[in-house]
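Visitor: quick one: sequence and predicted model below, then my questions.
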Protein chains: 2
Amino acid sequence: MKTGFFKVKTREEVWGEFERFNPLETEEVSLGQALNRVLAEPIIAKEDLPSFTRSIVDGYAVRAQDTFGASESLPSFLEIVGEVGMGETVSFELGGGKAVRIPTGGMLPAGADSVVMVEYTEELDQKSVAISRSVAPLENLIRPGDDFKAGQEVVQAGKRIRPQEIGLLAGLGQEKIIARARPRVAIISTGDEIVPIDKEPRPGELRDINSHSLAAMVESCGGLPLQLGLAPDRFSALQEKCQQALDLADICLISGGSSVGSRDLTLDVLASFEDSKVLVHGVAISPGKPTLLVKTGEKGFWGLPGHVASAMVVFQVLVRPFISYLRGEQLTLGEGRPIRAGLKRNVASRQGREDFIRVKIEEKDDELIAEPIFGESALISTLVRADGLVRIDRHTEGLYAGEMVQVIPI
Amino acid sequence: MKTGFFKVKTREEVWGEFERFNPLETEEVSLGQALNRVLAEPIIAKEDLPSFTRSIVDGYAVRAQDTFGASESLPSFLEIVGEVGMGETVSFELGGGKAVRIPTGGMLPAGADSVVMVEYTEELDQKSVAISRSVAPLENLIRPGDDFKAGQEVVQAGKRIRPQEIGLLAGLGQEKIIARARPRVAIISTGDEIVPIDKEPRPGELRDINSHSLAAMVESCGGLPLQLGLAPDRFSALQEKCQQALDLADICLISGGSSVGSRDLTLDVLASFEDSKVLVHGVAISPGKPTLLVKTGEKGFWGLPGHVASAMVVFQVLVRPFISYLRGEQLTLGEGRPIRAGLKRNVASRQGREDFIRVKIEEKDDELIAEPIFGESALISTLVRADGLVRIDRHTEGLYAGEMVQVIPI
């Protein structure tokens, strides 16, 4: 692999590089495991839902025309010819001038075209009922296919399964979906100053934050984190970890190496693998400029900044969309829709660089206010205090207090 | 238990009833399992984070005063007295007129109070460096406790753990949290017309949607669903299922029974248990009026409407907050913040009833538009097409097209 000379890429250009990768394999997933999985194939209704005409109230199934003109002072009188039981297959046909008792969810007999709510009826005896309000045809019932019709595409490929889609699949009797595999994401922390969290750090040493915060981010976006632990800043040690990642995972996140020497080491190690290609070497975002993306075979290796808040921001705006891409989803900057809020104070930015400002959201007189959190990106507290990120476009020099901004929840 | 005469309660009154229950037990949870768990005890920093003064750039640790007045045309010349290694405990003190090479993350020697970035320096030989820009004291470093100070409450009880809190805990070396237990939620579907999803329904029968959509909702809000399956509309069958729920779960959801007879059966069965008290019998919301909440010992039994969309709305606005209450969280109408959007068309409502309208969100010219989805609450498609719910206050008669509304994501 030649590393050569690299131009810093914009975030959009980095997203564009994703197309060099193939989306993950598809697999069959049972309904009980399908929540939050991404559909690789659309859901097609194999039958009408519902499959028969049902009452949606307790009352009497009738022919609507037999009730026309009915009122409290001049009711229509109909003959009761029976009762529909819950779950019962009704095979008789309702004639003119007749009515049958029907519960909510009961099947309408042929001939009936509407249901009168029990509130507007009075049984005079076992055989006759007075109807005091007219109904229109199709009133108080749902018909076959009102939910979905056989053959209809009911959920598109690329959609993430929510509880309502689970309900839909249950209703259609589809116990399996075809989804993209969950990406396996190996996580490596580098840096001679980093110690495992169960070790007491000496002065000059720090506990490994990134392995844990990144694993949690992977989990929260549907990936399967594999913590491979620490690699000291030595070629052979890092190469061994990266080989493990190649064997076990689809994606590998290598964090650390904020110092120049360490960064070069990560690049050298990745360059040592066959079939490696550096796609991204520097991104025009802040924080997160020294980000790497290397394609090794079909695997994506990300070099993330060592600073804890930078690593999380890069995950949010680059790695999370990469995972979405591999799962066949649409790419977005965050989960869910951004939150509109007024900016509390001016924030300066540099042209040519897309900034992601950490903000805290406050509510004041029913208005949402986004307050920028200042502080070094080496501080995890800046993200613990934050509710989201505000993006500053690379063509602007900053944002003014009072401006409405979109907050990406984090 | 006496069921007696009941007054329909408002949603706020139902939320108020939650206080009759005790929050769930607390338990120790390891860091790897802590994502999305709710803290039962605050996180207190047991030490300063970071624990020593660190450089946040590659450069030279100096005494700031030795650089005052330095410029490109008139640099300060300092003597290089060594180099700080990554992770190294630095024990010497830096004297005046001296500098040491330091990498990002390196520990500052005593005596040094700032770091000059390598970009503004030039090594003249191994022993001396020219500094072409002055630094202020504390520039380019972070000090002990800049993240959090020993003894400080860093995350409050009742907060849900996000990836950044996982990172914080790792940084503090805290491998466990004390969290509220995840609620075990038993789910029972009733109704003689309902069949398991692997069975082909005859005309008049329907597959069991609610067991599956409710289980997914339980999962999505941090509960542990236990699907107990179907109970036909017979006292002994439902009683047996409810006894199972009492034995196994903290909460039980019984859906179905939209017809009057079925609703009464659920109430009769719950009344048959010792130490039962009906807290809620009817709620002034739509959809969802025929909702029941019965306290049996410390367990909460919810009777939910059978209509699929009604059951999900009631889960969203009543059961989800109940789960939040038991977990020790603040009660809200939805996960995350509501989304502001303009309403696409007029929606009528009835005074005295709080309505939850299903809406689809569209983006048009950078504005979000909430389009009401009309359709019976027996149709799952109304929720599959929906992105959220819009609440209509019980004191208003509806909302006008163009009004800004808050959409609860669903």
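Guide: Thanks, I have it.

Visitor: show me which strand runs longest in chain A.
Guide: If you go by DSSP state E, chain A has its longest strand at strand A:354-364.

Visitor: what's the first helix or strand after that one?
Guide: Where DSSP states H and E defines the elements, the next helix or strand beyond strand A:354-364 is strand A:367-372.

Visitor: okay, buried residues for that next one please.
Guide: A:368, A:369, A:370, A:371, A:372 (16 or more other C-beta atoms under 10 Å in any protein chain shown). In short, each C-beta sits where N, CA and C put it, glycine included.

Visitor: which strands or helices does that strand pack on?
Guide: Secondary-structure packing of strand A:367-372 (3 or more C-beta pairs under 8 Å, 6 or more residues apart in numbering or on different chains; DSSP states H and E): strand A:339-343, strand A:354-364, strand A:388-392.

Visitor: cutoff 7 Å now
Guide: Applying 3 or more C-beta pairs under 7 Å, 6 or more residues apart in numbering or on different chains; DSSP states H and E, we find strand A:367-372 packed against strand A:339-343, strand A:354-364.

Visitor: got the contact list for the lowest-mean-pLDDT helix or strand in chain A?
Guide: When the helices and strands of chain A are compared on mean pLDDT, DSSP states H and E, helix A:260-271 comes out lowest with a mean of 84. Residues outside helix A:260-271 that contact it (C-beta atoms under 7 Å, 6 or more residues apart in numbering or on different chains): A:1, A:3, A:190-191, A:233, A:235, A:238-239, A:242, A:254, A:256-257, A:276, A:290, A:292, A:294, A:296, A:301, A:303, B:58.

Visitor: go again with 8 Å.
Guide: By C-beta atoms under 8 Å, 6 or more residues apart in numbering or on different chains, the residues outside helix A:260-271 that reach it are A:1, A:3, A:190-191, A:233-235, A:238-239, A:242, A:254, A:256-257, A:276, A:278, A:281, A:290, A:292, A:294, A:296, A:301, A:303, A:306, B:58, B:86, B:103.

Visitor: could you tell me the angle between whichever helix or strand comes after that helix and helix A:260-271?
Guide: For helix A:260-271, the succeeding helix or strand toward the C-terminus, using DSSP H and E, is strand A:276-281. With axes from the mean of the first three to the mean of the last three C-alpha atoms, to 10 degrees as the basis, strand A:276-281 and helix A:260-271 are set at 140 degrees to each other.

Visitor: tell me the strands beside strand A:276-281, with direction?
Guide: strand A:292-296 (antiparallel) (DSSP bridges).

Visitor: what's the strand it pairs with in contact with?
Guide: With C-beta under 8 Å, 6+ apart as the test, strand A:292-296 has contacts from A:14, A:17, A:20-21, A:246, A:263, A:266-267, A:270-271, A:273-281, A:300-303, A:318.

Visitor: which parts of that strand are buried?
Guide: So, applying 16+ other C-beta under 10 Å, buried residues of strand A:292-296: A:292, A:293, A:294, A:295, A:296.

Visitor: interface residues of the stretch 201-350 of chain A facing chain B?
Guide: A:201-217, A:219-220, A:233, A:258-262, A:306-308, A:312, A:336-337, A:339-340 (C-beta under 8 Å from any C-beta of the partner chain).

Visitor: mind giving me the PyMOL select for those residues, buried ones only?
Guide: The buried residues among those can be selected in PyMOL (16+ other C-beta under 10 Å) with this line:
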select buried, chain A and resi 201+204+205+206+207+208+209+210+211+212+213+214+215+216+217+219+233+258+259+262+306+307+308+312+337+339+340
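
Visitor: show me the contacts for the residue most central in space within chain A.
Guide: What sits nearest the mean C-alpha location of chain A, by C-alpha atoms, centre = their mean, is residue A:160, with 5.4 Å. Counting by C-beta under 8 Å, 6+ apart, residue A:160 makes contact with A:36, A:37, A:38, A:39, A:329.

Visitor: quick one, what contacts residue A:362?
Guide: Contact partners of residue A:362, counting by C-beta under 8 Å, 6+ apart, are A:344, A:368, A:369, A:371.

Visitor: again, but for residue A:217
Guide: The contact partners of residue A:217, by C-beta under 8 Å, 6+ apart, come to A:312, A:315, A:316, A:319, A:320, B:163.

Visitor: ok, and the most crowded of the residues you listed?
Guide: Counting neighbours by other C-beta atoms under 10 Å in any protein chain shown, residue A:312 leads the contacts of residue A:217 with 33 neighbours.

Visitor: ranges for the helices of chain A?
Guide: Ranges of helices in chain A, per DSSP state H, are A:11-17, A:163-172, A:210-220, A:235-248, A:260-271, A:308-314, A:320-326, A:381-384.

Visitor: now the stretch 51-200 of chain A against chain B: closest residue?
Guide: residue A:167 (3.1 Å; C-beta to the nearest C-beta).

Visitor: residues in contact with that residue?
Guide: Neighbouring residues of residue A:167 by C-beta under 8 Å, 6+ apart: B:209, B:210, B:212, B:213, B:216, B:308, B:312, B:380, B:383.

Visitor: so how far is residue A:13 from the residue nearest to it when sequence neighbours are not counted?
Guide: Leaving aside its chain neighbours, residue A:167 sits nearest to residue B:213 (3.1 Å; criterion: C-beta to C-beta, 6 or more residues apart in numbering or on different chains). The gap separating residue B:213 from residue A:13 is 41 Å, by C-beta to C-beta, to the nearest Å.

Visitor: look at residue A:2 and report its pLDDT.
Guide: Looking at residue A:2, its pLDDT reads 45.

Visitor: surely residue A:395 touches residue A:350?
Guide: No: at 11.1 Å, residue A:395 does not count as touching residue A:350 under the criterion of C-beta atoms under 8 Å.

Visitor: who's more crowded, those two?
Guide: Neighbours were counted for residue A:395 and for residue A:350 using other C-beta under 10 Å; residue A:350 has more, 14 against 9.

Visitor: check contacts around residue A:76.
Guide: A:66, A:67, A:69, A:70, A:130, A:131, A:134.

Visitor: rewinding a little: make TSV from the contacts of residue A:160 and add pLDDT to it.
Guide: TSV is the format used below for the contacts of residue A:160 (pLDDT from 0 to 100):
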residue	pLDDT
A:36	97
A:37	98
A:38	98
A:39	98
A:329	95
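
Visitor: wait, the residue nearest to residue A:167 touches residue B:313, no?
Guide: No: with contact defined as C-beta under 8 Å, residue B:213 does not reach residue B:313; the gap is 11.3 Å.

Visitor: domain assignment for chain A?
Guide: Domains of chain A are assigned by automatic domain parsing as A:11-25+A:181-326, A:28-49+A:154-180, A:54-142, A:339-409.

Visitor: among the ones you listed, which is nearest residue B:228?
Guide: domain A:28-49+A:154-180 (14.2 Å; C-beta to C-beta).

Visitor: which residues of the stretch 1-150 of chain A lie near chain B?
Guide: A:31-32, A:35-36, A:49-52, A:54, A:56, A:58, A:85-90, A:103-107, A:142, A:146-148.

Visitor: okay, strands next: where are they in the stretch 101-250 of chain A?
Guide: Secondary structure of the stretch 101-250 of chain A by DSSP state E, counting those that start in this stretch: the strands cover A:114-117, A:121-125, A:128-131, A:141-142, A:153-155, A:176-180, A:184-190, A:194-195, A:206-207, A:224-231.

Visitor: so which of those comes closest to residue B:97?
Guide: Residue B:97 lies closest, by C-beta to C-beta, to one member of the strands of the stretch 101-250 of chain A: strand A:206-207, at 30.3 Å.

Visitor: quick revisit: roughly how far does the residue of the stretch 51-200 of chain A closest to chain B sit from residue B:303?
Guide: Distance of residue A:167 to residue B:303, given as C-beta to C-beta: 19 Å.

Visitor: show me which of the contacts of helix A:260-271 are buried.
Guide: A:1, A:190-191, A:233, A:238-239, A:242, A:254, A:256-257, A:276, A:278, A:281, A:290, A:292, A:294, A:296, A:301, A:303, A:306, B:58, B:86, B:103.
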